[in-house]
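Peer 1: Give the three-dimensional model of this entry:
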Amino acid sequence: MEIYLHGNRLFMIMETVPDFDHDKAMEELARKPRQSEWETFVSRFQKTSPDSSATEKWQLMERIYKMGE
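Peer 2: A predicted model of the protein is given here:
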């Protein structure tokens with residue numbers, strides 16, 4: 001995983017396996033002991049409520065172009 005910061009914007013890249021289940025991963029992430037602390041920290045860079053869940057903040061994006069493919 002990589003997270004980039006530009007001004008007040010975060011961009012996350014996750015390298016995963018072909019059958020990666022994003023929803024399941026977000027559910028597991030929510031149960032981690034320090035996850036709420038992390039969500040509070042990054043919420044200042046996100047235009048959402050600090051009470052929003054990771055699933056509400058982190059959304060899948062469709063790649064529309066990659067050079068060489």
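Peer 1: my guess is F11 is in a strand, correct?
Peer 2: Yes. Using DSSP: H, G, I helix; E, B strand; the rest coil, the assignment for F11 is a strand.
Peer 1: tell me the contacts of it?
Peer 2: Counting by C-beta atoms under 8 Å, 6 or more residues apart in numbering, F11 touches I3, Y4. Any C-beta I mention is one placed from the backbone N, CA and C, and that applies to glycine too.
Peer 1: hey, C-alpha coordinates of stretch 49-59 in CSV?
Peer 2: Provided in CSV are the C-alpha atoms of stretch 49-59 (Å, rounded to 0.1, in the frame of the first residue of the first chain):
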residue,chain,number,x,y,z
SER,A,49,-17.2,13.5,8.7
PRO,A,50,-14.6,12.3,11.3
ASP,A,51,-17.3,9.7,12.2
SER,A,52,-17.4,8.2,8.6
SER,A,53,-16.2,4.6,8.3
ALA,A,54,-13.2,3.5,6.3
THR,A,55,-15.6,2.1,3.7
GLU,A,56,-17.2,5.5,3.3
LYS,A,57,-13.9,7.3,3.0
TRP,A,58,-11.9,4.8,0.9
GLN,A,59,-13.6,4.0,-2.4
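Peer 1: neighbouring contacts of that stretch?
Peer 2: 12, 23, 26-27, 29-30, 35, 39-40, 42-43, 46, 48.
Peer 1: got those residues as a markdown table, with pLDDT, secondary structure and distance to L60 columns?
Peer 2: Shown next, in a markdown table, are those (pLDDT from 0 to 100; DSSP: H, G, I helix; E, B strand; the rest coil; distance: C-beta to C-beta, whole Å):
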| residue | pLDDT | secondary structure | distance to L60 |
| --- | --- | --- | --- |
| M12 | 78 | strand | 11 |
| D23 | 85 | helix | 9 |
| M26 | 84 | helix | 10 |
| E27 | 87 | helix | 15 |
| L29 | 85 | helix | 14 |
| A30 | 85 | helix | 16 |
| Q35 | 86 | helix | 19 |
| E39 | 79 | helix | 18 |
| T40 | 81 | helix | 23 |
| V42 | 77 | helix | 17 |
| S43 | 76 | helix | 20 |
| Q46 | 74 | coil | 16 |
| T48 | 74 | coil | 16 |
